[in-house]
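S.K.: After the sequence you'll find the predicted model.
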Amino acid sequence: MTPAVVLLLELCHGQQEQIQALRDEVARLKGEKPKPVIKPSALEGERTGQKKGRKPRSRGKRHKTAELEIHESVKRQPAEGVPPNSRFKGYQDFVVQDIRIGVHNTRYRLERWVTPEGVSLIGQLPAEIGGVHFGPQLRTFILYQYHHAHVTQPLLLEQLREWQIDISAGQLSALITDGHTDFHREKDALLQAGLQCSRYVHVDDTGARHQGKNGYCTHVGNERFAWFASTDSKSRINFLELLRAGHDAYT
């Protein structure tokens, strides 16, 4: 900035102060209030430690691990040993949060029998297995990482193989896209329950192109619930069909 520019800025600033003073004087003559004087925010002084005055009230330190669920307790003795005739004074707790991630393969040995009539009998797998070779915990982890954490399939496949999970890209894609009838049934029940307990709902349609075609995502909900559905139409009939939630008629 040249000296001429600095001088010009100072003149402009001085003129602005004079103009504001004249406006305040006119406001007082009219019986109005002048422009209030706004002090700088006190938050900046608190951040820089420049604010002076009363000291903040001291609050008791909150125990961050007091409400944690304890899965395992381990007792540890002093490393130097306990001398004879020492008095036991209880325990001093130190909570450590951790997770366990590892492979856990289970072999189900299904018994096979043949009755005297020649009928073959075979043991049944647990219902939560679902007839696939990947357990419910692994399937839950895959769905959570893909849909909630937004981990792509290639990265998720690489992670699983690093954990010695024998899975192919096709199997991973099938676990993400197939066999989710229970989730869709739960989603449909969510809309019915939300409409029953709500006095009003907000609705909106958002358009997007997928594979060269126009598609629409319809949202129905309020502060209590949110329900989404993807369709190929954005008509009033399409909206009423979604809002009916399985009913044959509507009002």
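M.R.: On my side now, so go ahead.
S.K.: phi, psi of the nearest residue to S120 once chain neighbours are set aside?
M.R.: The spatially closest residue to S120, leaving aside those adjacent along the chain, is V114, at 5.6 Å (C-beta to C-beta, 6 or more residues apart in numbering). Every C-beta, even on glycine, is put in place using the N, C-alpha and C of the backbone. With angles defined as degrees, to the nearest 10, V114 sits at phi -130, psi 120.
S.K.: How many residues are close by V114?
M.R.: The local packing count at V114 equals 9, with neighbours defined by other C-beta atoms under 10 Å.
S.K.: Sticking with S173, tell me its helix or strand.
M.R.: With elements taken from DSSP states H and E, the one containing S173 is helix 169-177.
S.K.: Would you mark the buried spots in the helix or strand that that helix is followed by?
M.R.: Scanning forward in sequence from helix 169-177 by DSSP H and E, the next helix or strand is helix 181-196. For helix 181-196, burial by neighbour count (16 or more other C-beta atoms under 10 Å) applies to L190, L191, G194, L195.
S.K.: Same question for stretch 123-140.
M.R.: Neighbour counts over stretch 123-140 (16+ other C-beta under 10 Å) mark F134, G135, L138, R139 as buried.
S.K.: now swap in stretch 11-18 and tell me
M.R.: In stretch 11-18, no residue is buried by neighbour count (16+ other C-beta under 10 Å).
S.K.: The closest residue in space to A27 that isn't next to it in sequence and C12: what is the separation?
M.R.: Using C-beta to C-beta, 6+ apart and skipping the chain neighbours, the partner closest in space to A27 is P34 (4.8 Å). Taking C-beta to C-beta, to the nearest Å as the criterion, P34 is separated from C12 by 21 Å.
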